[in-house]
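>>> Just a sequence and a predicted model for now, questions to come.
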Amino acid sequence: MSFLRPCALYKSLVTFPSARWMPCQSWGFLRWPDLDGFLRLFVALLLWSTFSEIRFIPSSSMYPTLRVGDRIIVQKASYFFRNPAVNDIVTFRAPEQVPGIGKDAVFIKRIVAKAGDFVQVHHGSLYVNGVAQNENFIVERPSYTSDLTCVPKGHVYVLGDNRNNSYDSHNWGPLPVENIVGRYVMCCYRPSNH
């Protein structure tokens with residue numbers, strides 16, 4: 001029964017000082033967590049659900065940045081500490097004046113102007129304070145025009161990256177900052193068929 005004995009290579013690895021210390025030598029790392037471990041996991045999940053969430057992208061209004069079917073992580077706590085900034089991608093509840101859309105509907109768009117800015121879309125470009133914006137993230141130039149709008153205090157102006165296929169501030173006007181739910185952090189899943 002000599003074939004059941006450990007080989008010489010195994011003996012040399014076990015006697016090698018650094019291999020003896022390896023945590024996988026003892027299978028203790030696979031044990032079930034105790035009550036303290038479950039409490040830590042519970043607190044981590046509670047904090048995760050309080051300060052962030054995973055959202056699903058149902059439309060192509062933010063294409064090519066976000067595609068239909070993408071799962072994204074949205075951070076909900078950042079705007080407690082700072083104001084929304086231009087180029088932030090935010091999720092928000094629909095403004096009150098949007099007809100036919102439920103009060104709990106959530107949109108995702110890019111902030112293009114903040115309070116005090118003058119915004120206008122004409123000649124296929126976005127103008128903020130009279131300066132044409134260089135937007136290399138949009139699908140195509142806007143085919144619509146909009147009137148010159150001053151963004152009031154406590155509001156932002158949001159547009160989708162797919163400008164001609166987006167229901168956004170050029171339809172309903174500036175968005176109240178209080179409607180913002182969170183800030184886009186990253187795409188955590190993209191379906192392979194896109």
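Right, received. Where do you want to start? Bear in mind the structure is a predicted one, so any value in this text is a computation, not a measurement.

>>> doesn't L47 fall inside a helix?
Yes: counting by DSSP: H, G, I helix; E, B strand; the rest coil, L47 is found in a helix.

>>> mind checking how far it is from V68?
30 Å (Cβ to Cβ, to the nearest Å). (Each C-beta comes from the backbone N, C-alpha and C, glycine too.)

>>> Please identify which of these two sits among more neighbours.
Relative neighbour count places V68 above the other of L47 and V68, with 14 against 11, counting by other Cβ atoms under 10 Å.

>>> Which residues lie in contact with that one in this structure?
Contact analysis of V68 by Cβ atoms under 8 Å, 6 or more residues apart in numbering lists I57, P58, S59, S60, H194.

>>> my guess is it is in a helix, correct?
No: read with three-state DSSP, V68 is coil and lies in no helix.

>>> List the buried residues in stretch 64-83.
Neighbour-count burial for stretch 64-83, with 16 or more other Cβ atoms under 10 Å as criterion, is recorded at T65, L66, D70, I72, I73, V74, K76, S78, Y79.

>>> Kindly state the pLDDT recorded for the first one?
On the pLDDT scale, T65 is placed at 92.

>>> which residues of the chain score low on pLDDT?
For the chain, the stretches flagged by pLDDT under 70 are 1-33, 97-98, 193-194.

>>> Mind checking which of the contacts of V68 are buried?
For those, burial is judged from neighbour counts taken by 16+ other Cβ under 10 Å, and it is met by I57, S59, S60.

>>> Among these, which one sits closest to M186?
Of all these, M186 sits closest to I57, with 12.7 Å by Cβ to Cβ.

>>> where's that closest one relative to V139, distance?
Here the criterion is Cβ to Cβ. By it, I57 lies 15 Å from V139.

>>> How about C188?
C188 is 23 Å from V139, by Cβ to Cβ.

>>> So the two - more neighbours on which side?
When C188 and V139 are compared for neighbours, V139 comes out ahead with 16 against 11, by other Cβ under 10 Å.

>>> Contacts only, for the residue nearest to that one when sequence neighbours are not counted.
Once its chain neighbours are removed from consideration, V139 has its nearest residue in N162; the separation is 4.8 Å (Cβ to Cβ, 6 or more residues apart in numbering). For N162, the contacting residues are S60, S61, M62, Y63, P64, I138, V139, taking Cβ under 8 Å, 6+ apart as the criterion.

>>> Go again with 10 Å.
Contacts of N162 were listed using Cβ atoms under 10 Å, 6 or more residues apart in numbering, and they are S59, S60, S61, M62, Y63, P64, T65, L66, I138, V139, E140, D168.

>>> Likewise for G130?
Contacts for G130 were tallied using Cβ under 10 Å, 6+ apart; they are F118, Q120, L148.

>>> what does the longest strand seen in the chain rub up against?
For the chain, the longest strand by residue count, based on DSSP state E, is strand 180-189. Identification of contacts with strand 180-189 by Cβ under 10 Å, 6+ apart yields 51-57, 62, 65-67, 69-79, 82, 84-85, 88-93, 106-111, 156, 158.
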